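Engineer: What follows is a predicted protein model with its sequence.
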Amino acid sequence: MTSFTKSAASVVLGGTLSLAPGAARAEPLPTSAAPHPHAYGIIVGSNAGGAGQQTLRYAEDDAARVAAVLRDLGRFGTSDLRVLAHPDGAKILATLDELAPKLKEHADRGEQATFFFYYSGHAKASALTLGDGELPLAVLRDRLRQLPATLTLVVLDACQSGAFARTKGAEPAADFSFNSVARLTTKGIAVMASSTGQELSQESDALKSSYFTHHLVVALRGAGDQDGDGKVSLDEAYRYAYRRTLAATARTRVGMQHATLETDLSGQGDVPVTYPAEAGARLELPGPLDARVLVQHHASGSVVAELVKAPGPPLRLALPAGTYDATVRAQGQILACSLTLSDGQLTALELGTCQIAAANGLAKGFEDDAETPPSPDVPEGTPPLGLREIDRWAIEGSLGIMTRTTDDAYVRTLSTFDYEEKSPTLRPAGRAALGVTRFLAPHLTLLVQGQTLTGDVYTRSVSGDSDELTFQGFGAGAYLRAHTDVAPRLLQIYGQAGGGASMATTTLTTSADKNPHKTSDVAWGYLLGGAVGVAVVADSRVGAFAQASYERAPAMVNAFGERHDVGGFAVSLGVRLNFGRGTR
Amino acid sequence: MSWKTLAAKVTLVGCAVACMAPGCNGDVLNDSTFRLWCGDSLCAWNLDAGHVKQTSTWHADDYGVELLDTPTQISQDTREASDCMEFSAVADVDAAAGTRVQVDFNLDGVPDFDEAIAETHWGRARLLIHAPDHFNDYGDRVRVILRKNGVGRAVLAEIRLQRVETCTGGRTTLRHVAVGESCVSPAECESSVCCGSICSTCCATGPNACTGGDACGRPRVVAPTPSPGGELAAVPSLCGPGLSHGAAGAPCINANDCASNACEGATPESECFGDAGCFVTKVHPGKCR
């Protein structure tokens, strides 16, 4: 029999020390030779908070994910795993009562039976908070203790959030998990909690899950299988969830979150929780890969795994068959990969088939962790939610030259009326542009830009009188820019197209009676344009670009209804400044 | 005349002087773009018939002139016309407007050049005008007439008459040239007789010879005082000059050309050349009483 560790005991006694991760481990038995026990479970998720508690976003979803991984990989039968969404305390107790006779039957037959209890929701020191009601911990402890299971696994994810990570449980004061364990030692039992009694647990909007449950599920899907035996043991799952939860929460405003595990196991050996090797569809991350990997379900976009792959043995994740998007951040590059997992197949992540989504930046969905040093230009305390909004924005300006349109109906009429272009036809007009960009998605950026268009001066001299027509065009529009790297961290090529409005100011000066008479007008038209260019990335904040563009802007109109295009072909050089860290 | 009108007229004179200098593109018309208005009339153009009004053209503030009535006629005596000129017009004229450009080379009130301005909607029409022979004899000035005879719209944005170097095509034939004026062919003369390049009443020989036994000859012209220098002018030929045979109404130079011994309206013009004295340079025949 393995007793509580000293730390645990100390915590129980004084509430000041915590167990080291995975400190307890049952005496090893060849589990592969042991028959798998019968498995039952109650999975509870409750978003509702009590008085003064904020409604959680993902507690019920987390319960569903845990149930899914247990059904898929934990050898739990559908009828034996009860999932309770926002139940009251009576419902939980009633469900326990329903399962207790089944466990007893196994016990009477001398069969091993495992019971799994998971709770995600609000809690306080003395009770689980289930909306307006509560389930006293004392009652729960007693009922769990009375279950005639060979092994009882209890996972409690009861904590919190904030601006991006809401806290679960308004009162982290009591050492909820250890107090619980202290009363659940009659049989083989393990209690894993998402944080210590002094900490708050957090949800992540990026993961759409609590940090702890997300990493626990990823561990159970295979990421936690350290020894590569195709099974994820309780100890392996805990080690993985502990490490990743701690890393992910290390730089949040709420603070670090230490998962805890206390066991009182006898003769169970290394307790397997899931069997990823038995899954129909699996994803393999190659052994040499040294990267952070984000796997999202393609259709829903939900994050199914966000993990760190260190060089070593291949890492295999058991996932439901389907299509996934994997984002791999390695060596300053971000690769976007598309994956299709099929039942009965092990699908390897082939980086050669991935596309470079960005370089020298972050991709949405990644959670910064302690294993990845923060970018030096990130202010201390910045929420590690991947791409910040400000990182998506940049300002850019350019100067260039632009050809004039010298043969359209408007100009021909000017010619008919003896107006001649004052400047040589081939002399290009100047062009200046200023715009703001917002990164929309990998390879896609929105540009909103104002710019000068062409201007010109036409003069006429008849009978000794000189007239002059001066005009200048301006444009403003929105462009969609598609871009891709040709040399990561150095060169990017892009193309853009869009439209908006153009404006032309005209001033006609006539000299009747030798007295100049000046008339100014403003005319409007549409603007359509496109450009191709190449951008040089100096660093995460500054870049330069050169582009060739064409704008059509028939803004000017005369009394005959003829329009003049103040657009034209242009070549420009510009500078781009990112407001934040940039999105490349 | 209001002070505005006076100012416009003064300006027009100033402009005319300025445009005699090089750089005026050879324009011989004032106010080619119809921008000088004196009230409801153009300052630089005579309104011979009908009414006109100021009308916008390609730009709301760039005006032309619209010929309103049927008929409407404006005209201008040019300065410094030349043997070869290009006429151009930017106009919006309907075919029904019957708009014509006419040129009176000898300022006798009879247009010698008459051409329609074809239908156009803000297009430019061009044509070359080759002056008649001996154009310089008429004093280098012409009268340009723009006339609308029909009921359609006629807006003139710009009318230019510019001196050019060469002309193709034949010269303009003068019409209804009075006796005593230069001529090239009998068709030019009001009398249908062109003798010795002067419109006359007879020729010494041929079908236009005098009948009734009188000889066809040139009357003697006496230059005005103070010092007759002689005859320089080409004098028209008359039947029986100095024989007092001219019936009432017959062309005459001197009184003794008429049976009544009275010739009315004969006006010899003379020019004096210093010590060389004064010479008759032109003779306008009169009519016998």
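Structural biologist: Received the coordinates, thanks. Quick caveat: nothing in here was measured; it's all calculated off a predicted structure. Numbering: from 1, shown residues only, chains lettered A, B, ... in the order given.
Engineer: in chain B, which segments are predicted with low confidence?
Structural biologist: B:1-25, B:134, B:136-139, B:222-233 (pLDDT under 70).
Engineer: center of it - which residue?
Structural biologist: B:Leu107 (2.3 Å; C-alpha atoms, centre = their mean).
Engineer: Could you list the residues of chain A in contact with chain B?
Structural biologist: Counting by C-beta under 8 Å from any C-beta of the partner chain, the residues of chain A close to chain B are A:413-414, A:416-418, A:461-465, A:467, A:469, A:508, A:510, A:512-514, A:517, A:519, A:521, A:558-560. In this view, the C-beta of every residue, glycine as well, is placed from N, C-alpha and C.
Engineer: Let's see that with 10 Å instead.
Structural biologist: A:410, A:413-419, A:460-465, A:467, A:469, A:506, A:508-515, A:517-521, A:558-560, A:562 (C-beta under 10 Å from any C-beta of the partner chain).
Engineer: Checking the residue nearest to the centre of chain B next. Helix, strand or coil?
Structural biologist: Following DSSP: H, G, I helix; E, B strand; the rest coil, we place B:Leu107 in the coil state.
Engineer: Find the nearest non-adjacent residue to it, please.
Structural biologist: B:Arg143 (5.7 Å; C-beta to C-beta, 6 or more residues apart in numbering or on different chains).
Engineer: What's opposite that neighbour in the beta bridge?
Structural biologist: Bridge pairing for B:Arg143 (DSSP bridges) gives the partners B:Asp77, B:Asp104.
Engineer: And B:Tyr63, by the same measure?
Structural biologist: B:Ser56.
Engineer: Was I right to think the residue nearest to B:Leu107 contacts B:Gln76?
Structural biologist: Yes. Between B:Arg143 and B:Gln76 there is a contact under C-beta atoms under 10 Å: 7.2 Å.
Engineer: what's the overlap in contacts for those two?
Structural biologist: B:Asn46 (C-beta atoms under 10 Å, 6 or more residues apart in numbering or on different chains).
Engineer: circling back to that earlier point, could you measure from the residue nearest to B:Leu107 over to B:Arg79?
Structural biologist: Separation of B:Arg143 from B:Arg79 (C-beta to C-beta, to the nearest Å): 12 Å.
Engineer: The two: which has the busier surroundings?
Structural biologist: Between B:Arg143 and B:Arg79, B:Arg143 has the larger neighbour count (other C-beta atoms under 10 Å in any protein chain shown), namely 20 against 16.
Engineer: Would you enumerate the residues in contact with that one?
Structural biologist: Contacts of B:Arg143 by C-beta under 10 Å, 6+ apart are B:46, B:75-78, B:81, B:102-109, B:111-112.
Engineer: If we use 8 Å, what do you get?
Structural biologist: B:75-78, B:103-104, B:107 (C-beta atoms under 8 Å, 6 or more residues apart in numbering or on different chains).
Engineer: Format those residues as TSV; extra columns: distance to A:Pro288.
Structural biologist: Formatted as TSV, the contacts of B:Arg143 follow (distance: C-beta to C-beta, whole Å):
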residue	distance to A:Pro288
B:Ser75	99
B:Gln76	96
B:Asp77	100
B:Thr78	96
B:Val103	97
B:Asp104	103
B:Leu107	106
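Engineer: Which pair in the residues you listed has the greatest spatial separation?
Structural biologist: Pairwise distances across these (C-beta to C-beta) peak at 12.0 Å, for the pair B:Gln76 and B:Leu107.
Engineer: pretty sure B:Asn256 contacts B:His245?
Structural biologist: No. Between B:Asn256 and B:His245 there is no contact under C-beta atoms under 8 Å: 9.6 Å.
Engineer: which secondary structure elements does the strand ranked longest in chain A contact?
Structural biologist: Ranked by residue count under DSSP state E, the longest strand found in chain A is strand A:465-487. For strand A:465-487, the elements it packs on are strand A:355-359, strand A:444-462, strand A:491-510, strand A:517-537, judged by 3 or more C-beta pairs under 8 Å, 6 or more residues apart in numbering or on different chains; DSSP states H and E.
Engineer: hang on, the earlier thing: can you flag the buried ones in the contacts of B:Arg143?
Structural biologist: With burial judged by 16 or more other C-beta atoms under 10 Å in any protein chain shown, the buried subset of the contacts of B:Arg143 is B:75-76, B:78, B:103-104.
Engineer: Return the member of the residues you listed nearest to A:Arg292.
Structural biologist: B:Gln76 (88.6 Å).
Engineer: Show me which residues of the stretch 151-289 of chain B sit near chain A.
Structural biologist: B:157-158, B:160.
Engineer: Compute the number of surrounding residues for B:Cys84.
Structural biologist: By other C-beta under 10 Å, 18 other residues sit near B:Cys84.
Engineer: That one bridge partners, please.
Structural biologist: On the basis of DSSP bridges, B:Cys84 is bridged to B:His130.
Engineer: Could you do the one 5 residues further on as well?
Structural biologist: According to DSSP bridges, the partner residues bridging B:Ala89 are B:Ala125, B:Ile159.
Engineer: Quick check: it touching B:Ile159?
Structural biologist: Yes. The criterion here is C-beta under 8 Å, and B:Ala89 meets it with B:Ile159 at 5.2 Å.
Engineer: What strand or helix carries A:Glu306?
Structural biologist: Assigning secondary structure by DSSP states H and E places A:Glu306 in strand A:303-309.
Engineer: Now do that strand: which elements does it pack against?
Structural biologist: For strand A:303-309, the packing partners by 3+ C-beta pairs under 8 Å, 6+ apart are helix A:211-218, helix A:234-249, strand A:291-297, strand A:315-318.
Engineer: Go through these and pick out the most buried.
Structural biologist: helix A:211-218 (a mean of 29; mean count of other C-beta atoms under 10 Å in any protein chain shown).
Engineer: Need the CA coordinates for stretch A:547-561. PDB is fine.
Structural biologist: Provided in PDB are the C-alpha atoms of stretch A:547-561 (Å, rounded to 0.1, in the frame of the first residue of the first chain):
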ATOM      1  CA  GLN A 547       5.100  47.500 -56.000                       C
ATOM      2  CA  ALA A 548       3.600  48.100 -59.400                       C
ATOM      3  CA  SER A 549       0.000  49.000 -59.400                       C
ATOM      4  CA  TYR A 550      -2.800  50.200 -61.600                       C
ATOM      5  CA  GLU A 551      -5.800  52.200 -60.600                       C
ATOM      6  CA  ARG A 552      -8.800  53.100 -62.700                       C
ATOM      7  CA  ALA A 553     -10.500  56.200 -61.400                       C
ATOM      8  CA  PRO A 554     -12.700  58.100 -63.900                       C
ATOM      9  CA  ALA A 555     -13.600  60.800 -61.500                       C
ATOM     10  CA  MET A 556     -13.500  63.900 -63.700                       C
ATOM     11  CA  VAL A 557     -16.500  64.700 -65.800                       C
ATOM     12  CA  ASN A 558     -17.200  67.600 -68.100                       C
ATOM     13  CA  ALA A 559     -20.400  69.300 -69.200                       C
ATOM     14  CA  PHE A 560     -20.800  66.700 -71.900                       C
ATOM     15  CA  GLY A 561     -20.700  63.900 -69.500                       C
END
